[in-house]
Every structure is written in C-alpha cells, then in structure tokens.
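Asker: sequence first, then the predicted structure:
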Amino acid sequence: MDIAEHLFNWFVASTLMASAVAVVVLAVQHLFRRRIHARLRHALWLIVLLRLMLPVLLQSPVSLFNAVPTLTDIKNAVFGLSYQLGKPDTISEHSQIENTNQSHYTTNEAEKNTVFQPLMTMKDTEEQAEAGIQRESHPAVRVLAVVWLTGAVVLLGYNLTYWLRFLRKQKHFSPVDSPAILKIAEQCRILFSIKRPVGIYADPSAQSPYITGVFRPAVYLPKSLISEAVNEQLLKHVIAHELAHYKRKDTIWNMIGSLVFAVHWMNPFVWFMLRQMKADRELACDACVLEVLGEEEAVPYGMTIIGFLRRYATGRSKAHLLYFKGSNGQKEMIRRISMIQSFKKGSYKLSMMAVILVLLIGTATLTNASASEGGASAWIHAEDGGNEMLFPNEEFRVYDNLEKGAKVAPFTFKVPSLLPEGYGFSKLSIQFDASSPSVRLDYVKAKINKSSGNFSLRIKPGTDLQKQYDQIFKGEQDRIDQKDSGKVIERESLSLAGIEEGYKITIRMTTWKGQPERYYYIWKDQGISYELSSYILSSSEMEQMIGSMKFPEAKVNKLHEDNEYHGIILTGLYDAEDIRRAQKLVGFKAAFPRKLPGEFAASSSYVSRKANFNHVENDEDSMRKLLNVLYSRGDHKQKNKADSGIRDVSFKQMLNGNMYQEMKKNGQVSYSKIDGERNNVKLTAITLQGKEVLRTEPYNLDGEPKGPNDLRLVSYFWFDGKVCYQAVFSGQGPEEQKIVEYLMKPDRK
C-alpha cells in the first residue's frame, strides 16, 4: 500500500470519527440550547476541530468510542476494502508445512508406482497458495485515495497562494492616521486588556472591516468607512468587534479551519460543521464585545451590525478573513440579533458547570477507546453470537462444507446428489471475482493419509462453452504428455435431461497403458456452466453424477461435508460463524485475537490437522485438529528479508493430550520434514509472567539450514488447562516475548 493510500485510510478514520463527535456536540447544543451561551457553543466546536486536526490521540477508558466499538475499528474497516492479489514474497512457516503434505493419487494399490497428476493444476495450486498471503487495496480505494489527495494538495496550494498574495498586497496598505480612529482603537485595546498595540490599516478593496493574521493580527478598514463622517459609537463597535476576535484568538482557529477543510474536503459533513462553527464564533464574538461594553450598548451594537449587513449584503466574503459582518444568512442574522437583544452581563464568562461540561466532552471525544496491547477490540468473542467478518472482501475462500459455501457464494448452483462408490467431498473453493466469479468442488477417494483418486466440479455463471472447450483443448495440447503421438482429443454433444447445451470431451492416450481414456464434461444449466473432469472415473459414473445434479438441500448438504478430513488444511475461517464451527472441530473454546502488539493484524485463519503443529506419530494422531491464526503487518513486503525482523506470527491452539509434557521431558520438539522424517529442535524453558514457557532455538522447518538466514523460525509453547499453545515467529525481533505474554492472557468473558 503506497503513501497516498495510507494517508487516505487515516483520513477516512479521522473524518468519520470526528463526524461522530460533531453529532455529539450538536446533540448537546440541542438538548441544552436554553442553558448554553454563545461562548460555550463555540468552545464545543473547537473540540471537533481538534479531533479533525490531531493525527494521534491518547487512549482513555472514558472515551466515547469505548461504547461504539465499530468506530474504534474504523481504520480496519477501511483496510477491509482490500482484497488478495499478487504472489507470496516469502515462504512462511505454515505454507512450508502445507507444501510438505501434498498427496499423490494412484489408481489402486497394485498400481501405486503409477502416479497420476492430481486434477488441480499447478496454476490452481499457486492461486490457492497465494490467497491470504498478500493484500493490496481494491482499485476503487486507490482511485479515491488519489482523488482525495489531489483535492487536498490543490486546496492547500490555494491557501498558500492566497496568503502569499495577501502578504504582497499588504505591503501597499497604508496605516490609518486618523487621530479619532486611533484614539478609539486605543480605548478598545485597553478595554480588552490587550497588551501590545494592534495595527489598523486601510484596505481600498475591503468589503467590510476585518481582522487577519496569526502571529501579529491587524485590523483592516474599508477606505469608505474612514472617509465617511461616521459617529464614534459606530467606529467603537466595529473596532471592538475585531479586537474581540483578536482577544479570543479567533484568527488562529480560523486558519486551522481553513487547513482542516483542505484535508477533509471530501466529507460534506465537515463543510456543515465549519459553517456552524463560523456562525457560533460570530455569536461568541458579539457576546465578548457586549461583555466589555455593557448591556446598555446591546441595542446600538445590534443596529450597527444591521447597518453593515445592509451595506454589504451583496458582497462575497473571503473564507480566510474574519469580517465584521460575519455570516449574512437570514437565519444566522436573526440568531445573532436575538442573542444581542437578550444579552445579560456576565453570560460570556464560563461557569464552573460549563468548564466541567467542556472537559467531560473533550475527554470523551478527544481520546480513543482504551485498547489492550494488541489494539482496540482486539479479541473476538464468537461464542456471543453474531457474524462479524474477520477479513472483509476476501477474494478466495475454502470451506469444508457445502452449506456454508453455498450461503456465501456469489451465485446459486447445483451439485451432484450421488457420488461414485468410495468417493467423498473434500472442499469447496470460491473465487470472488467481480468479472468472473467461480466455485470449485473437490472430491477424493481417500482414507486418512492414503488417496487413490480424485475429481473436481468447476462452476461459473454464463460462460461460453465454445470458449471453455478451446481452453481445455489448448491446455491438453500444452501438457507435458503431448509428446505421446497417440493422444487424441474428441468432442461430442451431450444430451441429458435438464441440460441446455453440453459436450463430452474424451482424451485418448493410445500408447499409455495405465490410463487409456479420461474425460471432461462441460454443460449449461439455467445460465450456469459446469465442468466435470477426472483422470479416473468412467464416463458412466460421471454421467450418473450429472443426472443427479440438484440445488443444495439438507440431504445434499450432509453428503457434502468433509467428515474424513482428507486435506491438511481443513477449512478457512472468514467470519465469527466460522470460528464457532472451528471451536466445535477443535473441541474447546479457542481464543481469537484480532491484533497483536507491534501492529500485527490477523490476515488469515484456518483449522488444520496436527501436521501443522508438530510431528505426527501415526494415522490417528494425524487426525487431531488445531486452530491457527496468521498475523502480518505493513512491512511484510520488505525486500531485505534477512534484516526485516519479525515478518509474521502464527498462533496455534490444540488439545494437549501429553504433547507439552513430552516436549518438556525430552527437551526438544519434533517437526515433520518434507520426506516425513523428524526434524528435532532443541527447547529451553523460560519464565514469562510467572509461567513456564518452552522456547525453541532458531530453526529451519525442513532440517539443516542452507545458511544463517535459513534459521528464521522460533516457536514458543505453553500449556493452560487442557490446551497447548504455540506461537511461531517467522523472522526474529524484540517483540517476541511481549507478543507471547499478550497471548498468554486471553481476553475471555
């Protein structure tokens, strides 16, 4: 993710949370409208302005966002607009284990030396291996980021250009030399207890009196006002108003408002907030003037404002300047005059209750939700119900049951209600591609670790069968077995009940005795295209399945459950409902932290067999199940992997049996190498948070390292109740023990 997207993610999080604060301010102003005076109304808007401006905020247990958890994780929601792309740039610990357990399928025990390529092609394997490893932003997010950043740069450039032009223009302004005006200005300066003199200048092009400047603000008067014979009272009102802005530091807040607008221009609610703040600022300024001049000046002061509003009603104010006339909207003018009429001496001062109200609202809104070391709302409690998304907009998913897969698939489809003898459902894969989504069902003839056949069913909406055939034909021509001059590809029309259009494609290998024929069946049914292919099944078995196709229902769903768990990876976890299913599979209430210290965020999760924990002792042992969560952070794409510290973390949990005790007794843990042999790694007992933890020396999963950079894995084991936990670090860094300590204290209800 580039800088523009990082900044855009911050902008979205900041502007939405500030909008929530603005809603609170509006609610308070409405509920206490008869008790909140002008100064307090404006002070509450300054809280919103600070929220929009500050890039980093402290955490607090009394933060408003503790009660609104969805807003505390708004940044994650923005990141959730991403989807999986690209190729893995490193081989992680969990992907190495998966690769060491790839099965080969044989036709039968007598021909076990004749190995056939699984139906899943190398391209398919790469696509599945890539899923969940790398994330890039959705194109729409990238476009929005560029549009937002371009707009912000243009507006910031406009602000800078405006001020540079004003500074050049200011050099040609003449100081006011009228003794009467200077005397009134000095009297007003003393009334407001302003220590240093304030410059008074004549601006020939001014629409109305105004004040501007951050470090040395000055008052600018129209030449017409200076040249006209105006009474001292009117001049006093005008200059007092501008000096009230000076006293209140409104020029600084006005400048901040301009910069905030440049950054948050894409949020229309910010436009409304700044307009309301400006209107309330003029009310507060009027109250400040009357507090100094006294109640008896309220009516004359109001008449002065009305006079200036009439005189300059058609003029357009510049947003950067604080004009005497302020907002000239009819509604705001009425509010302003009403406040002046009802003004009471002392109302401008903030009472103790007002100060407490500002402090309470400021504390609640200018802080973020208190977070554990892993981050706000870092632990997911799936057992409480709901169906929270873990990794929104995942482009590729794998399920071990049809019922859930069909529910989340982007289109409806049929599946076989009959399977060839000995075959069972293995997994359902979904590709969420906006242009060409697809579903794939895999079936195997297997028992635990021995497989003797497989086939798959690929499903897509509205695919051209001729194009589909051309792809199959080209793929067969490009296969490594094309050197067999006896290969023949035949196509014939398929005529089965319920099929709109279909073909049977036969691949004949005339000189290969082990497998003379194999088949592809492609057909359309209700606008959905299907492709059934196998190296092993007969044409009659495949056509029997096609004839049994029906939409998922209870009986069909039961047929499509991987109860035997033929694969190493059993099922992916993508939402809270998946976690609940996973907890039933592993047999305990597994912990699921969303974040870890060090800015690590959960990037994928799955239930797998024991081979992904440590060495498998036998077939029964291999069927034990664990839950794994993989964490990564933004720097996982660093090119210099040897020096990049911790790249990712795997948090694994499974019923202990006596694993931990055996590891402690032997002083080592055994992992399975690619050839199935043991890779023994030494363990050292350490104490963390008063509990014993076993830590491995750095190791390579497959045995002897090729060099020092190959020793990139470190594992920590600990035992709690009936569960054994393992944290595996790919790459090493100072956060290791802090992360382990965090994982040892699960946030359970």
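Answerer: Great, that's in hand. Everything numeric in this text was worked out from a predicted model, so none of it was measured.
Asker: what distance separates stretch 428-445 from the centre of its chain?
Answerer: 25 Å (CA atoms, centre = their mean, to the nearest Å).
Asker: what about it, average pLDDT?
Answerer: For stretch 428-445, mean pLDDT is 91.
Asker: with stretch 579-593 instead?
Answerer: The average pLDDT for stretch 579-593 rounds to 92.
Asker: ok, stretch 465-475 next?
Answerer: Stretch 465-475 shows an average pLDDT of 87 in the prediction.
Asker: now do the strands in the stretch 351-500 of the chain.
Answerer: For the stretch 351-500 of the chain, applying DSSP state E, counting those that start in this stretch gives strands covering 368-369, 396-399, 415-416, 424-431, 438-447, 450-461, 487-493.
Asker: next one: the stretch 551-700 of the chain
Answerer: Under DSSP E, counting those that start in this stretch, the stretch 551-700 of the chain gives strands at 569-572, 595-596, 600-609, 625-632, 648-655, 668-672, 678-688, 691-696.
Asker: over to the stretch 51-200 of the chain?
Answerer: Under DSSP E, counting those that start in this stretch, the stretch 51-200 of the chain gives strands at 59-60, 82-84, 105-106, 115-116, 135-137, 174-175, 200-203.
Asker: what's the burial count for the residue lying closest to residue 536 once chain neighbours are set aside?
Answerer: Excluding the flanking residues, the one nearest residue 536 by CB to CB, 6 or more residues apart in numbering is residue 453, at 4.3 Å. No exception for glycine: its C-beta is placed from N, CA and C like everyone else's. Neighbour count for residue 453, taken as other CB atoms under 10 Å: 22.
Asker: pLDDT wise, what is residue 453 at?
Answerer: As predicted, residue 453 sits at a pLDDT of 85.
Asker: so how far is residue 280 from residue 29?
Answerer: Here residue 29 is placed at a distance of 8 Å from residue 280 (CB to CB, to the nearest Å).
Asker: okay, these two: which has more neighbours?
Answerer: Taking neighbours as other CB under 10 Å, residue 29 and residue 280 compare with residue 280 leading, 24 against 16.
Asker: in the helix or strand hosting that one, what counts as buried?
Answerer: For residue 280, the enclosing helix or strand under DSSP states H and E is helix 268-293. Neighbour-count burial for helix 268-293, counted by 16 or more other CB atoms under 10 Å, picks out 270, 273-274, 276-293.
Asker: show me which residues of stretch 432-441 are buried.
Answerer: 432, 437-441.
Asker: give me the helices and strands touching the longest helix belonging to the chain, please.
Answerer: Taking DSSP state H as the criterion, the chain has its longest helix at helix 139-170. Counting by 3 or more CB pairs under 8 Å, 6 or more residues apart in numbering; DSSP states H and E, the packing neighbours recorded for helix 139-170 are helix 3-31, helix 250-263.
Asker: pLDDT on the shortest one, on average?
Answerer: Helix 250-263 comes out with an average pLDDT of 90.
Asker: report all helices and strands that it contacts.
Answerer: When contacts are defined as 3+ CB pairs under 8 Å, 6+ apart, helix 250-263 packs onto helix 38-53, helix 139-170, helix 268-293, strand 322-323.
Asker: any idea which of the ones you listed gets closest to residue 619?
Answerer: helix 139-170 (46.9 Å; CB to CB).
Asker: show the contacting residues for residue 257.
Answerer: 49, 274, 277-278 (CB atoms under 8 Å, 6 or more residues apart in numbering).
Asker: picking that back up, need the residues touching each of residue 29 and residue 280.
Answerer: residue 41.
Asker: now the strands of the stretch 351-500 of the chain as CSV including distance to residue 148?
Answerer: Converted to CSV, the strands of the stretch 351-500 of the chain look like this (distance: least, CB to CB, whole Å):
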stretch, distance to residue 148
strand 368-369, 22
strand 396-399, 29
strand 415-416, 45
strand 424-431, 30
strand 438-447, 34
strand 450-461, 34
strand 487-493, 53
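Asker: so which of those is nearest residue 384?
Answerer: Of the strands of the stretch 351-500 of the chain, nearest to residue 384 by CB to CB is strand 368-369, at 18.2 Å.
Asker: report the rounded mean pLDDT for that closest one.
Answerer: Rounded mean pLDDT across strand 368-369 is 69.
Asker: and stretch 299-313, by the same measure?
Answerer: Stretch 299-313 shows a mean pLDDT of 75.
Asker: and for stretch 378-389?
Answerer: Stretch 378-389 comes out at a mean pLDDT of 81.
Asker: then it to PDB, C-alphas only?
Answerer: Taking C-alpha atoms only, stretch 378-389 is exported to PDB below (Å, rounded to 0.1, in the frame of the first residue of the first chain):
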ATOM      1  CA  ALA A 378      -8.500  -7.000  19.900                       C
ATOM      2  CA  TRP A 379     -10.300 -10.200  20.900                       C
ATOM      3  CA  ILE A 380     -13.200 -11.700  19.100                       C
ATOM      4  CA  HIS A 381     -15.800 -13.400  21.200                       C
ATOM      5  CA  ALA A 382     -17.500 -15.500  18.500                       C
ATOM      6  CA  GLU A 383     -19.400 -17.600  21.100                       C
ATOM      7  CA  ASP A 384     -21.500 -14.500  21.900                       C
ATOM      8  CA  GLY A 385     -23.200 -14.800  18.600                       C
ATOM      9  CA  GLY A 386     -23.300 -12.500  15.600                       C
ATOM     10  CA  ASN A 387     -21.400 -13.000  12.300                       C
ATOM     11  CA  GLU A 388     -18.600 -10.400  12.300                       C
ATOM     12  CA  MET A 389     -16.400 -10.500   9.300                       C
END
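Asker: quick one on the thing from earlier: from residue 658, how far out is the residue nearest to residue 536?
Answerer: Counting by CB to CB, the gap from residue 453 to residue 658 is 36 Å.
Asker: do residue 518 as well
Answerer: Distance from residue 518 to residue 658, by CB to CB: 47 Å.
Asker: and if you look at residue 502?
Answerer: Distance from residue 502 to residue 658, by CB to CB: 56 Å.
Asker: so between the two, which is more surrounded?
Answerer: Neighbours were counted for residue 502 and for residue 658 using other CB under 10 Å; residue 502 has more, 19 against 9.
Asker: now do the helices in the stretch 451-600 of the chain.
Answerer: Taking DSSP state H, counting those that start in this stretch as the test, the helices found in the stretch 451-600 of the chain are 465-478, 539-547, 554-559, 576-586.
Asker: could you export the ones you listed as CSV, including mean neighbour count and distance to residue 745?
Answerer: Shown next, in CSV, are the helices of the stretch 451-600 of the chain (neighbours: other CB atoms under 10 Å; distance: least, CB to CB, whole Å):
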stretch, mean neighbour count, distance to residue 745
helix 465-478, 14, 52
helix 539-547, 17, 51
helix 554-559, 14, 39
helix 576-586, 19, 19
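Asker: for residue 61, find the nearest of the ones you listed.
Answerer: helix 576-586 (25.3 Å).
Asker: now do the closest one: which elements does it pack against?
Answerer: On a contact count with 3+ CB pairs under 8 Å, 6+ apart, helix 576-586 meets helix 402-408, strand 569-572, strand 600-609, strand 625-632, strand 648-655.
Asker: so the longest helix of the chain versus helix 250-263, what angle?
Answerer: Orientation check (axes from the mean of the first three to the mean of the last three CA atoms, to 10 degrees): helix 139-170 against helix 250-263 gives 150 degrees.
Asker: distance from helix 139-170 to the middle of the chain?
Answerer: The chain centre lies 26 Å from the centre of helix 139-170; the measure is CA atoms, centre = their mean.
Asker: got the angle between it and helix 3-31?
Answerer: Using the same axes, to 10 degrees: helix 139-170 against helix 3-31 is 80 degrees.
Asker: give the buried residues for helix 139-170.
Answerer: 141-142, 144-145, 148-149, 152, 155, 159, 163.
Asker: same thing with stretch 250-269?
Answerer: 250-251, 253-258, 260-265, 267.
Asker: those residues: which two are farthest apart?
Answerer: Among these, 251 and 267 lie farthest apart (CB to CB), at 24.4 Å.
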